[in-house]
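Visitor: Make a model of this:
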Amino acid sequence: MTTFHFVAASERFLTEEEPLEEVLRERERNYKETDKTIDFWLVRKPAFLQSAELAALAQTIPQPAAAVVSTDPKFITFLKLRLEFVVTGHFEASTDDALKSIQS
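Guide: Sure thing, here's the model as predicted:
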(Lines give C-alpha, C1' and ligand atoms only; values in the text may rest on other atoms or scores of the structure.)
Protein backbone atom coordinates (compact mmCIF):
# COMPACT_ATOMS: atom_id res chain seq x y z
CA MET A 1 0.00 0.00 0.00
CA THR A 2 1.15 3.51 -0.81
CA THR A 3 0.17 6.68 1.03
CA PHE A 4 -1.01 9.43 -1.28
CA HIS A 5 -1.17 12.97 0.09
CA PHE A 6 -3.27 15.75 -1.40
CA VAL A 7 -4.35 19.36 -1.30
CA ALA A 8 -7.86 20.03 -2.56
CA ALA A 9 -9.96 23.11 -3.26
CA SER A 10 -12.44 24.33 -5.79
CA GLU A 11 -11.31 23.70 -9.33
CA ARG A 12 -11.66 27.40 -10.13
CA PHE A 13 -9.42 28.38 -7.22
CA LEU A 14 -6.66 25.91 -8.10
CA THR A 15 -6.70 26.40 -11.85
CA GLU A 16 -7.65 30.05 -12.32
CA GLU A 17 -7.06 32.10 -9.19
CA GLU A 18 -3.72 30.64 -8.12
CA PRO A 19 -0.52 30.29 -10.17
CA LEU A 20 -0.57 26.52 -9.58
CA GLU A 21 0.24 25.70 -13.20
CA GLU A 22 3.54 27.58 -12.87
CA VAL A 23 4.45 25.71 -9.67
CA LEU A 24 3.67 22.31 -11.21
CA ARG A 25 5.50 23.14 -14.44
CA GLU A 26 8.62 24.19 -12.49
CA ARG A 27 8.49 21.02 -10.39
CA GLU A 28 8.12 18.89 -13.52
CA ARG A 29 11.11 20.64 -15.11
CA ASN A 30 13.17 20.00 -11.98
CA TYR A 31 12.18 16.33 -11.96
CA LYS A 32 13.23 15.92 -15.58
CA GLU A 33 16.60 17.57 -14.93
CA THR A 34 17.27 15.28 -11.96
CA ASP A 35 15.86 12.11 -13.56
CA LYS A 36 13.11 11.75 -10.93
CA THR A 37 9.87 9.99 -11.67
CA ILE A 38 6.82 12.24 -11.59
CA ASP A 39 5.01 11.60 -8.30
CA PHE A 40 2.31 14.28 -8.45
CA TRP A 41 -0.86 14.81 -10.44
CA LEU A 42 -3.41 17.59 -10.89
CA VAL A 43 -6.80 15.91 -10.72
CA ARG A 44 -10.06 17.58 -11.70
CA LYS A 45 -13.15 16.15 -9.98
CA PRO A 46 -11.09 13.67 -7.90
CA ALA A 47 -12.90 10.37 -7.43
CA PHE A 48 -11.02 9.56 -4.22
CA LEU A 49 -12.94 12.32 -2.42
CA GLN A 50 -16.05 10.16 -2.86
CA SER A 51 -14.69 7.55 -0.43
CA ALA A 52 -16.39 7.11 2.94
CA GLU A 53 -13.17 8.06 4.77
CA LEU A 54 -12.98 11.44 3.04
CA ALA A 55 -16.70 12.25 2.77
CA ALA A 56 -16.72 14.77 5.63
CA LEU A 57 -13.67 16.54 4.24
CA ALA A 58 -15.12 16.54 0.72
CA GLN A 59 -18.20 18.40 1.97
CA THR A 60 -16.00 21.36 2.94
CA ILE A 61 -14.66 21.79 -0.61
CA PRO A 62 -16.62 23.93 -3.08
CA GLN A 63 -17.62 21.94 -6.15
CA PRO A 64 -16.43 21.16 -8.69
CA ALA A 65 -13.28 20.24 -6.81
CA ALA A 66 -9.72 19.67 -7.94
CA ALA A 67 -6.70 18.29 -6.13
CA VAL A 68 -2.97 17.89 -6.40
CA VAL A 69 -2.03 14.38 -5.34
CA SER A 70 1.49 13.23 -4.53
CA THR A 71 3.41 10.51 -2.76
CA ASP A 72 5.66 13.26 -1.35
CA PRO A 73 4.18 14.72 1.86
CA LYS A 74 6.71 17.56 1.88
CA PHE A 75 5.49 18.77 -1.52
CA ILE A 76 1.89 18.76 -0.28
CA THR A 77 2.93 20.72 2.82
CA PHE A 78 4.69 23.21 0.55
CA LEU A 79 1.52 23.57 -1.55
CA LYS A 80 -0.63 24.01 1.57
CA LEU A 81 1.61 26.86 2.73
CA ARG A 82 1.82 28.36 -0.76
CA LEU A 83 -1.87 28.16 -1.61
CA GLU A 84 -3.30 28.70 1.88
CA PHE A 85 -7.02 28.21 1.12
CA VAL A 86 -6.91 24.45 0.55
CA VAL A 87 -7.64 21.36 2.59
CA THR A 88 -5.14 18.57 2.98
CA GLY A 89 -5.46 14.89 3.57
CA HIS A 90 -4.15 11.50 2.64
CA PHE A 91 -5.34 8.05 1.72
CA GLU A 92 -3.74 4.66 1.31
CA ALA A 93 -4.16 2.49 -1.72
CA SER A 94 -2.22 0.19 -3.95
CA THR A 95 -0.56 2.22 -6.68
CA ASP A 96 -2.82 0.73 -9.37
CA ASP A 97 -6.01 1.35 -7.34
CA ALA A 98 -4.95 4.87 -6.47
CA LEU A 99 -4.17 5.77 -10.04
CA LYS A 100 -7.59 4.49 -11.09
CA SER A 101 -9.33 6.57 -8.39
CA ILE A 102 -7.20 9.61 -9.18
CA GLN A 103 -7.92 9.43 -12.89
CA SER A 104 -11.61 8.43 -12.79
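Visitor: how about the strands of the chain, start to end?
Guide: Using DSSP state E, the strands found in the chain span residues 2-10, 40-44, 65-70, 87-93.
Visitor: From the contact counts, what lies against the last one?
Guide: Yep, that's strand 87-93 we're talking about. strand 2-10, helix 73-83 (3 or more CB pairs under 8 Å, 6 or more residues apart in numbering; DSSP states H and E). All C-beta atoms are positioned from the backbone trio N, CA, C, and that covers glycine.
Visitor: hey, which of these is tucked in deepest?
Guide: strand 2-10 (a mean of 21; mean count of other CB atoms under 10 Å).
Visitor: Now do the top helix by length along the chain, average pLDDT.
Guide: Criterion DSSP state H: the longest helix present in the chain is helix 20-33. For helix 20-33, the mean per-residue pLDDT is 95.
Visitor: That one - contacts with which helices or strands?
Guide: In terms of contacts (3+ CB pairs under 8 Å, 6+ apart), helix 20-33 is packed against strand 40-44, helix 73-83.
Visitor: hmm, who's touching it?
Guide: 14, 15, 36, 37, 38, 40, 42, 68, 75, 79, 82, 83 (CB atoms under 8 Å, 6 or more residues apart in numbering).
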